[in-house]
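> Take a look and give me a structure for this.
(2 chains)
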Amino acid sequence: MIDISSHGHEIAAAIRDGKVSAIQVLQQFLARIDAVNGQLGAFTAITAERARAKAAAIDTARGRGGDLGALAGVPFAVKNLFDIAGLATLAGSKINRQAKPAQQDATLIQRLEAAGAILVGGLNMGEYAYDFTGENAHYGPSRNPHDPTRMSGGSSGGSGTAVAGGMVPLSLGSDTNGSIRVPSSLCGLFGLKPTFGRLSRHGSYPFVSSLDHLGPLARSTRDLALSYDAMQGPDPFDPVCAQRPKEATIPHLEAGIAGLRIAVLDGYFAEGAEPEALAAVAAFAKALGTERRVQIAEAAAGRAAAYVITNIEGANLHRQRLRERPMDFDPDTRDRFLAGLLLPGEWYAQAQRFRRHYCAQLNELFRDVDILLAPATPCSAPKLGQKMMTLGGVELPVRANLGLYTQPISFAGLPVVAAPYTEGALPIGVQIIAAPWREDLALRVGRYLEQSGVAASRLP
Amino acid sequence: MTQKPFDAEAYVEQAAALAGLSIPAECRAGVIDNLRRAHGIAQAFLHIPLPDDTEPGSVFTPGMAP
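Predicted coordinates:
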């Protein structure tokens, strides 16, 4: 038996050392899912049969003395927009129940399983990923394990709930405007949104091709780094996936922060945040020994351009379904998608040109700094069903504004580790942001904060 | 030249006709609200002048599919 709160790397080590078998670990996690999923709403499919076969294969390989992989026997689950062979890829929708079952697993599932990890199921999500709340009209909400009356955050809501609820030590999500970082923040997890184009999106249901990223959520930086390293590498089937060789981060994870230039994002990223968000950033800055503050001058414009690209590309993807069966959409996504079909094309072209201009400005900023800190969400988890919230004294819609601070960062495609601060009543995350292709630095800083005890992910 | 205020209701009517989109009656108010919101948000970047040589952020790489 292992402790259910064990990290993925601890589980893999225990299996490699023969202290526990892969099948024993799997049975423990399947029992945990069975016990708590009904209350928390994380899973929409449990792939127990294939998981048992995979666990048995790992135990057999160990008996023969074979290489079991860095993630040997680590159970993981994926947002249900990832293709799982034999299942329809729901992407949180009712409509996709009628889709043909996927012929094969998504590239990232294949790569994690090649490293020994064991897929145990598909996870709930906001419909078609157009969401920051984790609510879903068709499947019910994924709930926050720290307080089940509150939101998990979205759109990778089930990915947050499953890990924070101790149902798996590792999950995969997608992040177009914040959908890994928002649930990581509200559920108190470490999440990695890599550089745009770093990880293959082949075999995942798209939302906004210009902005879609995939990445892991876990309760430790080592699990993020191990899974991320296992998933890296070009993929000819994803035209956006960069032709870059794997750049392993594990060898650098413990390198500390010496020599790193770290600053807090001021201006836009300090406005409208609730006290708990600012307290988390201040605690991280103090632990990192920085008082430096810098600004992204056009952050609000970056967010606005990301909003327009998202609305138009997302609507375009569903143009036929919006015409033929609009009432089968979740009411919380439908009217926004319909509006996206009507926006001027000229806005889209301008937003894409603005993106180049904006990225050039951020690249200039990174000549003088290595790491930027900003809140991941403006507040800790709102109540389920809550439509409006007060930020900086202004009443704003919850659904659109939980991504206030994530959207201007992913618009530039920057790599981010969301790291949890758990000193308050509810957890809240901080974005550790690095220059493009420097996931290693964001993970190093996350690890330093984790080791210092300032960032920590705990089961409720 | 004076700029006319944005009439979201009239715009939805005309743009839906242009797009050949029939908007269900129960969605109409929500679509209008969302267009108003998008109009408000977009002002944050639409008025920032860009040099003519600013390439779009999207990149296309020609080549055979695998």
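> As CSV, could you dump the C-alpha coordinates of stretch A:386-396?
Provided in CSV are the C-alpha atoms of stretch A:386-396 (Å, rounded to 0.1, in the frame of the first residue of the first chain):
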residue,chain,number,x,y,z
GLN,A,386,-22.1,32.6,-8.7
LYS,A,387,-22.4,34.8,-11.7
MET,A,388,-21.0,38.1,-10.5
MET,A,389,-18.0,39.0,-8.2
THR,A,390,-16.6,42.2,-6.9
LEU,A,391,-13.0,42.9,-7.9
GLY,A,392,-11.4,46.1,-6.7
GLY,A,393,-14.8,47.4,-5.8
VAL,A,394,-16.2,46.8,-9.3
GLU,A,395,-19.0,44.2,-10.0
LEU,A,396,-17.9,41.9,-12.8
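> Show me the contact partners of it.
A:151, A:271-274, A:378-379, A:382, A:397-399, A:401, A:404 (C-beta atoms under 8 Å, 6 or more residues apart in numbering or on different chains). Yep, even glycine has a C-beta here, placed from its N, CA and C like the rest.
> secondary structure element for residue 61?
If you meant another chain, say so; for now it's chain A. helix A:48-63 (DSSP states H and E).
> my question was about chain B
Per DSSP H and E: nothing holds B:Thr61, as it lies in no helix or strand.
> What mean pLDDT does the helix or strand just after the helix holding A:Ala61 get?
Per DSSP H and E, helix A:48-63 leads on to strand A:75-79 as the next helix or strand towards the C-terminus. With pLDDT averaged residue by residue, strand A:75-79 scores 99.
> anything in the following helix or strand past strand A:75-79 near chain B?
Using DSSP H and E, the helix or strand that follows strand A:75-79 in sequence is helix A:107-114. No. Helix A:107-114 lies out of reach of chain B by C-beta under 8 Å from any C-beta of the partner chain, never closer than 12.1 Å.
> just stretch A:258-270 next, same as before
No. Judged by C-beta under 8 Å from any C-beta, stretch A:258-270 and chain B are separated, with a smallest distance of 10.7 Å.
> Look up how far B:Ala42 lies from B:Arg28.
21 Å (C-beta to C-beta, to the nearest Å).
> Looking at those two, which is more packed in?
The neighbour comparison of B:Arg28 against B:Ala42 (other C-beta atoms under 10 Å in any protein chain shown) goes to B:Ala42, with 21 against 16.
> Let me know the pLDDT of the more buried one.
On pLDDT, B:Ala42 comes in at 97.
> got the buried residues for the helix of greatest length in chain B?
Secondary structure assigned by DSSP state H gives helix B:25-46 as the longest helix of chain B. Residues B:27-28, B:30-32, B:34-39, B:41-42, B:44-46 are the ones in helix B:25-46 that count as buried (16 or more other C-beta atoms under 10 Å in any protein chain shown).
> for stretch A:327-338, same thing?
In stretch A:327-338, counting by 16+ other C-beta under 10 Å, buried: A:329-330, A:332-338.
> pretty sure A:Ala339 is in contact with B:Val31, am I right?
Yes. Contact status for A:Ala339 versus B:Val31: in contact at 5.0 Å, counting by C-beta atoms under 8 Å.
> Show the average pLDDT along stretch A:276-284.
pLDDT averaged over stretch A:276-284 gives 97.
> so which residue of the stretch 201-350 of chain A comes closest to chain B?
Using C-beta to the nearest C-beta, the closest approach of the stretch 201-350 of chain A to chain B is made by A:Asp335 at 3.1 Å.
> Any regions of chain B where pLDDT drops low?
Judged by pLDDT under 70, chain B has its weakly predicted residues at B:1, B:64-66.
> Around chain A, pick out the residues from it.
Counting by C-beta under 8 Å from any C-beta, chain B sits next to chain A at B:11-12, B:15-16, B:19-24, B:27, B:30-31, B:33-35, B:37-38, B:41-46, B:48, B:50, B:54-58, B:61, B:66.
> hmm, try it at 7 Å
Neighbours of chain A within chain B, by C-beta under 7 Å from any C-beta of the partner chain: B:12, B:15-16, B:19, B:21, B:23-24, B:27, B:30-31, B:34-35, B:38, B:41-42, B:44-46, B:48, B:50, B:54-58, B:61, B:66.
> related to what we said a few turns ago, give me the contact list for the helix holding A:Ala61.
A:15, A:18, A:21-23, A:26, A:30, A:68, A:72-73, A:113, A:116, A:118-120 (C-beta atoms under 7 Å, 6 or more residues apart in numbering or on different chains).
> Okay, angle between that helix and strand A:75-79 too, please.
With axes from the mean of the first three to the mean of the last three C-alpha atoms, to 10 degrees applied, the angle from helix A:48-63 to strand A:75-79 works out at 140 degrees.
> List the buried residues for helix A:48-63?
So, applying 16+ other C-beta under 10 Å, buried residues of helix A:48-63: A:50-52, A:54-55, A:58-59, A:61-62.
> Stretch A:15-29 now?
A:15-16, A:20-29.
> Next, give me the two most distant ones among these.
Farthest-apart pair in these is A:Arg16 and A:Gln27; separation 18.5 Å (C-beta to C-beta).
> Now B:Lys4: phi and psi?
With angles defined as degrees, to the nearest 10, B:Lys4 sits at phi -70, psi 140.
> Of the contacts of stretch A:386-396, keep whichever come out buried.
A:151, A:272-274, A:378-379, A:382, A:398-399, A:401, A:404.
> Okay then, goodbye and thanks.
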